[in-house]
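Below is the sequence, then the predicted model.
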Amino acid sequence: MDLSTKYMGLKLKNPLVPSASPLSKSVDMVKRLEESGASAVVVYSLFEEQITHEAGELDHYMSYGTESFAEALSYFPEAKEFNLGPDEYLRHLNNLKSAVDIPVIGSLNGVSAGGWLKYAKLIEEAGADALELNVYYIPANIEKDGTIIEEIYVRDLIKIKKNLKIPVAMKLSPYFSSMPNMAKKLDDAGADALVLFNRFYQPDIDLADLEVVPNLELSSSFEMRLPLRWIAILYGRIKANLAASTGIHTHEDVIKMLMAGADITCLCSELLGNGINRISEILKDLEKWMEEREYESVEQMKGSMSQKSVADPAAFERANYMKALNNYKLLI
């Protein structure tokens, strides 16, 4: 059974890749991921804010203005809670490369065109096999046009690609007016892969204390349907590889994403919630499913249920909406 796949020029032994998360904060934990069967690992993100401010400056910016809005002090994390120190991140990445045989993918999270982008080169020099660029941007400015937002993603990609030899993946949100066109712009700008999608953590309101509070809930398999649709639509239409992220919990989730056209599937919530050994369990179930249905390789199933391959391509567009509503049966 050949479970291997190619992603950004890297030959991976299977399509299961732990995404950027606390699981990569220790060398021993990454070793365990490798032992369980992970084919690569995306290291937790180095944030723009960590790079652009020293620890003391970051503490200043986190508390600035709280004399006017005291509740803001409780909303921001303490400076000590950040993974402070970009130099420590680079050393950790280098240590990981020495400790494991699987590819190690660095991760940068930011939005501005500032000096943080220079750390892409330092991540490469630290030994990373590839870089995942996560432009986490909330367009809260009512005056800012959508095309300006798109230019931020393309601009950052072009700047980084100009100075790197290792491949670069762009991790995107689904909130573009034309997702396929945005994918094409990034593909044309040289993205080696697109990761669909970034999971925006939405704030909540505490009714007891009447304050806005951060909120993080692990994903469910239901959430995979959004990236599944867009991967199926993009497959075969762009040169960049496609990585499925959000809602990958079972071997069936992995199979669906591969059939839609994904080259890899990124796991996070399932491992955080149910343990690292889930990787080996999912791989075992994947092999069993493929053997029962006489699939010889992952490549054989890849894209077989994409929009360009299915008998009814409209099922990924408006037709799905109409059919779902018309076929719904009331239980009352």
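It's in. Numbers count the residues shown, from 1 in each chain.

and the biggest helix by length in the chain, what other elements does it pack with?
Counting by DSSP state H, the longest helix found in the chain is helix 146-163. Helices and strands touching helix 146-163, by 3 or more C-beta pairs under 8 Å, 6 or more residues apart in numbering; DSSP states H and E, are helix 119-125, strand 130-135, strand 168-172, helix 179-188. Heads up, the C-betas are built off the backbone N, CA and C, glycines and all.

Just say which of the ones you listed is most tucked in.
Comparing these by mean neighbour count (mean count of other C-beta atoms under 10 Å), strand 168-172 ranks first with a mean of 26.

Let's see stretch 102-112 as CSV, backbone CA atoms only.
What follows is stretch 102-112, C-alpha atoms only, in CSV (Å, rounded to 0.1, in the frame of the first residue of the first chain):
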residue,chain,number,x,y,z
ILE,A,102,10.7,14.0,8.9
PRO,A,103,10.5,17.4,7.2
VAL,A,104,10.2,20.4,9.6
ILE,A,105,8.1,23.3,8.3
GLY,A,106,8.5,26.7,10.0
SER,A,107,5.5,29.0,10.5
LEU,A,108,5.3,32.9,10.5
ASN,A,109,2.2,34.6,11.6
GLY,A,110,1.7,38.3,10.9
VAL,A,111,0.3,40.9,8.5
SER,A,112,2.4,44.1,8.1
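
Flag every buried residue along that stretch.
Buried residues in stretch 102-112, counted by 16 or more other C-beta atoms under 10 Å: 102-111.

And for stretch 221-234?
Buried residues in stretch 221-234 (16+ other C-beta under 10 Å): 221, 223-224, 227-234.

where do the strands sit along the protein?
Taking DSSP state E, the strands of the chain run over residues 5-7, 10-12, 16-18, 41-42, 46-47, 104-110, 130-135, 168-172, 193-196, 204-206, 211-213, 241-245, 264-267.

Okay, now the unreliable bits of the stretch 1-150 of the chain?
For the stretch 1-150 of the chain, applying pLDDT under 70 flags the ranges 53-84, 113-115.

rerun that using 80 as the cut-off
Within the stretch 1-150 of the chain, the segments meeting pLDDT under 80 span 49, 52-85, 111-117, 136-140.

Once you drop chain neighbours, what's closest to residue 111?
residue 137 (4.7 Å; C-beta to C-beta, 6 or more residues apart in numbering).

Run through the residues that contact that neighbour.
Counting by C-beta atoms under 8 Å, 6 or more residues apart in numbering, residue 137 touches 111, 149, 152-153, 173.

Let me know the closest of those residues to residue 247.
Residue 247 has its nearest neighbour among the contacts of residue 137 in residue 173, at 14.9 Å by C-beta to C-beta.

Which pLDDT does the model give the nearest residue to the closest one once chain neighbours are set aside?
The shortest distance from residue 173 to any non-neighbouring residue, by C-beta to C-beta, 6+ apart, is to residue 198 (4.9 Å). Per-residue confidence (pLDDT) for residue 198: 88.

what about residue 198, distance to residue 226?
Separation of residue 198 from residue 226 (C-beta to C-beta, to the nearest Å): 11 Å.

next one: residue 251
Taking C-beta to C-beta, one finds residue 251 at 20 Å from residue 226.

Residue 279 is nearest to which of the strands of the chain?
Per C-beta to C-beta, nearest to residue 279 of those: strand 16-18, 5.6 Å.

neighbouring contacts of that closest one?
Under C-beta under 8 Å, 6+ apart, the answer for strand 16-18 is 7, 24, 33, 37-42, 105, 243, 254, 264-268, 271, 279, 282-283.

Roughly how far does the residue nearest to residue 173 sit from residue 131?
Residue 198 sits 15 Å away from residue 131, going by C-beta to C-beta.

ditto for residue 215
In terms of C-beta to C-beta, residue 215 sits 29 Å off from residue 131.

before we move on, back to that, can you list the buried residues in the longest helix of the chain?
Quick answer for helix 146-163 (16+ other C-beta under 10 Å): 149-150, 152-154, 156-157, 160-161.

Residues contacting that helix, please?
110-111, 113, 117, 120-121, 131, 133, 135, 137, 139, 168, 170, 172, 176-177, 182, 185-186, 189-191.

Could you check the angle it makes with strand 104-110?
Orientation note: helix 146-163 sits at an angle of 140 degrees relative to strand 104-110 (axes from the mean of the first three to the mean of the last three C-alpha atoms, to 10 degrees).

and helix 146-163 with strand 168-172, angle?
Interaxial angle, helix 146-163 versus strand 168-172 (the same axes, to 10 degrees): 160 degrees.

Give me the distance from helix 146-163 to the chain's centre.
18 Å (C-alpha atoms, centre = their mean, to the nearest Å).

now do stretch 3-19
14 Å.

now do stretch 237-246
With C-alpha atoms, centre = their mean, you get 11 Å for stretch 237-246.

Can I get the buried residues of stretch 102-112 in a markdown table including distance to residue 308?
A markdown table is the format used below for these (distance: C-beta to C-beta, whole Å):
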| residue | distance to residue 308 |
| --- | --- |
| 102 | 31 |
| 103 | 29 |
| 104 | 33 |
| 105 | 28 |
| 106 | 33 |
| 107 | 31 |
| 108 | 32 |
| 109 | 33 |
| 110 | 34 |
| 111 | 33 |
